[in-house]
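Student: no sequence on this one, just coordinates:
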């Protein structure tokens, strides 16, 4: 059960809440579920099962599992690099969430009003459509007032990020956010330093409580005016989207990202299982929980976005956002329109913190497991694990300091776009399948799994590892390369070519 909860905590993270609902709305509503389910069946679940079972059979981390074919041990090193980068930048979301959580414990939310030192003269507190209809300021429309000059955006950009002009203008450290960063790393350290026995117990709370908060937010959301419109917009099918290559690219990258494939952490978690644990059943259950959570979170998000669109008198497409824009702009703006706003803000950011925390410390666990596997037994010393975890956290913290400067958001976007992007994970997954199915042997590995669980899994798994999954990975990878677009932040800043 500890393994199940740890995998739920790691794989079910922020991407399920802030990315899947937006992609579903953007790519044809309910129609998006068709490519999503198909790619999950031929790509996501087979590789998810492959990584877990490989770790369980070899009883090793992400590097030593490739002793089954030493020539391709580089796959293990690649996954270590990817998960290290993920651990480095992912915790920034926790730091921002922690900062917002602290700021939520007040009678008036600081992003709800103007008049603060970080606000500009253009800041306007008019949010509601009925208020805006009777207002006039420099001939601006209601949409412009709510979107371009809201105190929510100014709090995020001017107070939290202190956004500079670009990547080449790093500026100074934002000390308030900087203090939140070590607090998050200390939490991650104490969750990981004693190994999976302590991690497995902590994750019982960090993995389950977000579901309680999601249910509470859904109940609150559906009772708000305009919630039904938001949910309909979330699910309304647009069949014309099905023929767009971008829809299939988005479905594939979301599957691989949300299932945490190619990072080595699933392999590390599997290595702590009993040898005869039924990893086949576990993999299917975990995949269903992951995808089910994504779908369920969409109702929560779009019920609240529907309410916000109704209150502001704008189309829902004007308020639907993905990634940090949803967590730190759209939702904070929505709670300012609710009664008892600080309560709902605190609940949301506490959930955000827990969703990110368990993904973070399991990611660190995956990196440390692979790292310690490299050390010969003769190198063992007392407190080896504790010191290794401390050094890893300290190194990541030092790198993170570049992301709490005025230009830190541009650095964060670089890490997010390239280090754990769909392209990277697809390439990693492609080679994992090729090595296991064609070099080690798919039938041979099926026999290894049968040795563990007592029976051979469905032949579908072997067919996927051998043919379907590599084809899907390579197909989406090629589409990503062909349709590559230069990195842009906030639709305005284009990153330098270098």
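Tutor: That came through, no problem. Bear in mind the structure is a predicted one, so any value in this text is a computation, not a measurement.
Student: Excluding chain neighbours, give the residue nearest to residue 80 in space.
Tutor: Spatial nearest neighbour of residue 80, excluding adjacent residues (CB to CB, 6 or more residues apart in numbering): residue 370 at 5.1 Å. Where C-beta positions appear, they are placed from N, C-alpha and C, glycine not excepted.
Student: Check which helices and strands the helix or strand hosting that neighbour sits against.
Tutor: In this structure, residue 370 sits in helix 341-374 according to DSSP states H and E. Helix 341-374 makes packing contacts with helix 2-11, helix 14-18, helix 74-104, helix 175-192, helix 196-222, helix 265-271, helix 331-335, helix 384-400 when contacts are defined by 3 or more CB pairs under 8 Å, 6 or more residues apart in numbering; DSSP states H and E.
Student: Quick check: which of these is nearest to residue 112?
Tutor: helix 331-335 (8.4 Å; CB to CB).
Student: ok, and what's touching that closest one?
Tutor: 100, 109, 111, 127, 150, 152, 155-156, 304-305, 307-308, 319, 341, 344-345, 348 (CB atoms under 8 Å, 6 or more residues apart in numbering).
Student: Give me the subset of those residues that lies in helices.
Tutor: 100, 152, 304, 305, 307, 308, 341, 344, 345, 348 (DSSP state H).
Student: Count the residues that sit near the fourth one.
Tutor: By that I understand residue 305. When neighbours are counted by other CB atoms under 10 Å, residue 305 registers 32.
Student: got the contact list for it?
Tutor: Here residue 305 is in contact with 230, 316, 319, 320, 330, 334 (criterion: CB under 8 Å, 6+ apart).
Student: Per-residue confidence, the fifth one, what does it come out as?
Tutor: Residue 330 is assigned a pLDDT of 79 by the prediction.
Student: any idea how far it is from residue 316?
Tutor: Distance of residue 330 to residue 316, computed by CB to CB, to the nearest Å: 11 Å.
Student: Quick check: closest non-adjacent residue to residue 89.
Tutor: residue 415 is the one closest to residue 89 (CB to CB, 6+ apart), at 3.6 Å.
Student: and that neighbour, what pLDDT?
Tutor: 88.
Student: before we move on, what about residue 450?
Tutor: 95.
Student: Could you find the closest non-adjacent residue to it?
Tutor: residue 456 (4.5 Å).
Student: The one you found - that's part of a strand, no?
Tutor: No - the assignment for residue 456 is coil, going by DSSP: H, G, I helix; E, B strand; the rest coil, so no strand is present there.
Student: what's near enough to touch it?
Tutor: Neighbours of residue 456 in contact, by CB under 8 Å, 6+ apart: 446, 447, 449, 450.
Student: So it versus residue 443, what's the distance?
Tutor: 9 Å.
Student: Same check on residue 287?
Tutor: 23 Å.
Student: With residue 50 instead?
Tutor: 14 Å.
Student: Comparing those two, which residue is more hemmed in?
Tutor: residue 50 (26 against 12).
Student: Tally up the residues packed near residue 312, please.
Tutor: 26.
Student: Please apply the same query to residue 256.
Tutor: 29.
Student: quick one: average confidence on stretch 352-360?
Tutor: On average, stretch 352-360 scores 87.
Student: do the same with stretch 462-478
Tutor: Here the average pLDDT along stretch 462-478 is 92.
Student: chain center to that stretch, what's the gap?
Tutor: Centroid separation between stretch 462-478 and its chain, computed with CA atoms, centre = their mean, to the nearest Å, is 23 Å.
Student: cool, stretch 308-317 as well?
Tutor: So, by CA atoms, centre = their mean, the centroid of stretch 308-317 is 26 Å from its chain's centroid.
Student: Could you do stretch 164-179 as well?
Tutor: With CA atoms, centre = their mean, you get 23 Å for stretch 164-179.
Student: which outside residues touch that stretch?
Tutor: So stretch 164-179 is contacted by 95-96, 99, 160-162, 401-402, 404-408, 410-411, 414, 493, 495-496 (CB under 8 Å, 6+ apart).
Student: got it, and stretch 37-44?
Tutor: Residues contacting stretch 37-44 (CB under 8 Å, 6+ apart): 248, 251-252, 255-256, 259, 261, 287, 291, 429, 464, 468-469, 472-473, 476.
Student: From the opening residue of that stretch to its closing one, how far?
Tutor: 9 Å (CA to CA, to the nearest Å).
Student: How far away from the center of its chain is it?
Tutor: 19 Å.
Student: With stretch 441-461 instead?
Tutor: With CA atoms, centre = their mean, you get 31 Å for stretch 441-461.
Student: May I see the buried residues of it?
Tutor: 442, 445, 446, 448, 449, 452, 453, 457, 461 (16 or more other CB atoms under 10 Å).
Student: Secondary structure added to those, as JSON lines?
Tutor: Converted to JSON lines, these look like this (three-state DSSP):
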{"residue": "442", "secondary structure": "helix"}
{"residue": "445", "secondary structure": "helix"}
{"residue": "446", "secondary structure": "helix"}
{"residue": "448", "secondary structure": "helix"}
{"residue": "449", "secondary structure": "helix"}
{"residue": "452", "secondary structure": "helix"}
{"residue": "453", "secondary structure": "helix"}
{"residue": "457", "secondary structure": "coil"}
{"residue": "461", "secondary structure": "helix"}
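Student: of all the residues you listed, which comes closest to residue 394?
Tutor: Once CB to CB is applied, the member of those that ends up nearest residue 394 is residue 452, at 37.4 Å.
Student: residue contacts, that closest one?
Tutor: 53, 56, 57, 275, 276, 277, 279 are the contacts of residue 452 under CB under 8 Å, 6+ apart.
Student: where's the last one relative to residue 408, distance?
Tutor: Okay, so that is residue 279. Residue 279 is 40 Å from residue 408, by CB to CB.
Student: re earlier: am I right that the residue nearest to residue 89 is in contact with residue 85?
Tutor: Yes - taking CB atoms under 8 Å as the definition, residue 415 is a contact partner of residue 85 at 5.9 Å.
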